[in-house]
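*Asks:* 3D model of this:
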Amino acid sequence: MTLGAAGVKITPEELLPQVYIPAKKGSLQIDLLAATRRNGLVAYELAPRLADVLLEIAAGNPVLALENYSYGLGPVWHYSVAMGYDLIEGRIVRHSGKVAFESMPFGAFEYLWKSDGHWSMIALPPDKLPASVKEKNYANAVSALENSGQVKNAHIAYKTLLKRWPNNLTGLLGLGNTAYALNDLEGAKSAFTAATIIHPESVAAFNNLAHVLLELGNYDAALDAAQRAFNMGGPMHETSEATLSEIRQKIADVASKK
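*Replies:* Numbers count the residues shown, from 1 in each chain. Take a look at the predicted model:
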């Protein structure tokens with residue numbers, strides 16, 4: 001339901017191998033998040049607040065929530081999809097198991113929902129922000145999408161992030177990295193250059209910019225960027241040192257052929 005609402009055409013039978021663990025007779029949250037990303041969507045975990053669930057529903061984003069029907073007798077885990085509510089009556093509307101449009105008081109839903117820390121998530125196309133979005137949380141969600149191998153969709157999602165928060169370092173680096181992976185060297189150069197201007201303390205921004213400038217044949221600028229990354233030291237010192245050595249060697253090789 002959540003993938004379909006985000007525009008992904010997939011049947012339960014097609015999705016089953018991606019999320020179902022026979023030994024557990026169910027699915028873990030991590031598998032649901034991974035399957036969402038595998039299908040090109042941003043998997044965004046909500047804050048543990050009913051208000052955020054209602055915000056997403058109002059924005060047309062169905063919310064997948066983990067519930068526990070144990071009633072004190074041991075966990076009986078279950079997922080439902082919340083997709084409507086009535087503030088006057090104080091009720092939430094869910095698809096639960098084979099029951100469609102099940103109406104439940106907010107209090108009852110929260111009781112079932114609280115057992116695992118009020119866990120819930122939404123699945124969004126990469127060009128849409130969550131209604132309850134938090135900058136850091138969304139940046140992390142997009143990074144996870146990129147790390148899953150969905151480079152093209154992650155590139156779109158980084159643009160979505162930067163449209164709202166143009167100075168976000170994760171977004172700028174991610175936009176540059178995905179542009180590079182998509183063979184858009186000029187796009188990567190633009191993103192990394194912006195990152196170095198807005199975040200002059202970022203070793204990664206200067207180091208990545210140096211690599212791109214090297215590939216573009218701008219050796220002097222590449223050397224300058226690599227030297228700045230190297231001079232900053234820190235956890236990336238060995239990486240920046242290797243980049244600096246590579247550029248110096250390339251410049252020496254070019255000079256020897258003249």
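
*Asks:* Report the mean per-residue pLDDT for stretch 118-135.
*Replies:* Mean per-residue pLDDT for stretch 118-135: 97.

*Asks:* for stretch 153-161, same thing?
*Replies:* Stretch 153-161 carries an average pLDDT of 98.

*Asks:* ditto for stretch 180-200
*Replies:* Stretch 180-200 shows a mean pLDDT of 98.

*Asks:* Which residue ranges of the stretch 51-200 of the chain form helices?
*Replies:* Using DSSP state H, counting those that start in this stretch, the helices of the stretch 51-200 of the chain run over residues 106-113, 135-147, 151-164, 169-181, 185-198.

*Asks:* Of those, give the one that comes closest to residue 88.
*Replies:* When these are ranked by proximity to residue 88, the top entry is helix 106-113, at 11.7 Å, counting by CB to CB. (Glycine included, C-beta is placed from N, CA and C.)

*Asks:* What residues of the closest one count as buried?
*Replies:* Within helix 106-113, the residues scored as buried using 16 or more other CB atoms under 10 Å are 106, 109-110, 112-113.

*Asks:* Please report how far residue 94 lies from residue 100.
*Replies:* With distances defined as CB to CB, to the nearest Å, the gap from residue 94 to residue 100 amounts to 9 Å.

*Asks:* Residue 139 now?
*Replies:* Applying CB to CB, the value for residue 139 to residue 100 is 35 Å.

*Asks:* Residue 65 now?
*Replies:* Separation of residue 65 from residue 100 (CB to CB): 16 Å.

*Asks:* what about those two, which has more around it?
*Replies:* Shown here are residue 65 and residue 100; by other CB atoms under 10 Å, residue 65 has more neighbours (23 against 11).

*Asks:* will you turn the buried residues of helix 106-113 into a markdown table that also has pLDDT and distance to residue 4?
*Replies:* A markdown table is the format used below for those (pLDDT from 0 to 100; distance: CB to CB, whole Å):
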| residue | pLDDT | distance to residue 4 |
| --- | --- | --- |
| 106 | 97 | 26 |
| 109 | 94 | 22 |
| 110 | 93 | 26 |
| 112 | 88 | 24 |
| 113 | 91 | 22 |
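
*Asks:* which pair in those spans the largest distance?
*Replies:* Greatest spatial distance among the buried residues of helix 106-113 (CB to CB): 106 and 112, at 11.1 Å.
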